[in-house]
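1. From the sequence below, what's the structure:
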Amino acid sequence: MTHVDPTKERFGAFKNLPQDEPVHMLNLVRLRDKAAYPDGRDATGREAYQAYSRESGPVFRRLGGRQLWIGRPDVTLIGPEDER
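-> Now for the predicted structure:
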């Protein structure tokens, strides 16, 4: 099962949410030591995610979005302890 691509049914449910209410997202991201670019570019996972943030941030802001918090959690309350 993939957690990246929603099923048609889940995307349909998301699309049918009220359009006049805000959407709040929580993205828990695991970074690779080395990014996997199809063109073979050399970057760490952190560098790749920073590049994604630079590119996507202006799009989110233009659409009325904003980032509330970015950081590293201090402790894992629920979930595998070896995944940080």
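
2. quick one: which helix or strand includes the residue positioned nearest the centre of the chain?
-> Closest to where the C-alpha atoms of the chain average out (C-alpha atoms, centre = their mean) is N27, at 4.3 Å. Using DSSP states H and E, N27 sits in no helix or strand.

3. Give me the phi and psi angles of it.
-> Main-chain dihedrals, N27, degrees, to the nearest 10: phi -110, psi 120.

4. Could you look up the SS state of R61?
-> Secondary structure for R61, judged by DSSP: H, G, I helix; E, B strand; the rest coil, is helix.

5. Could you pull up the residues touching it?
-> The contact partners of R61, taken as C-beta atoms under 8 Å, 6 or more residues apart in numbering, number zero. No exception for glycine: its C-beta is placed from N, CA and C like everyone else's.

6. okay, H3: pLDDT?
-> The model reports H3 with a pLDDT of 64.

7. so how far is G40 from the residue nearest to the centre of the chain?
-> N27 sits 26 Å away from G40 when distances are taken as C-beta to C-beta, to the nearest Å.
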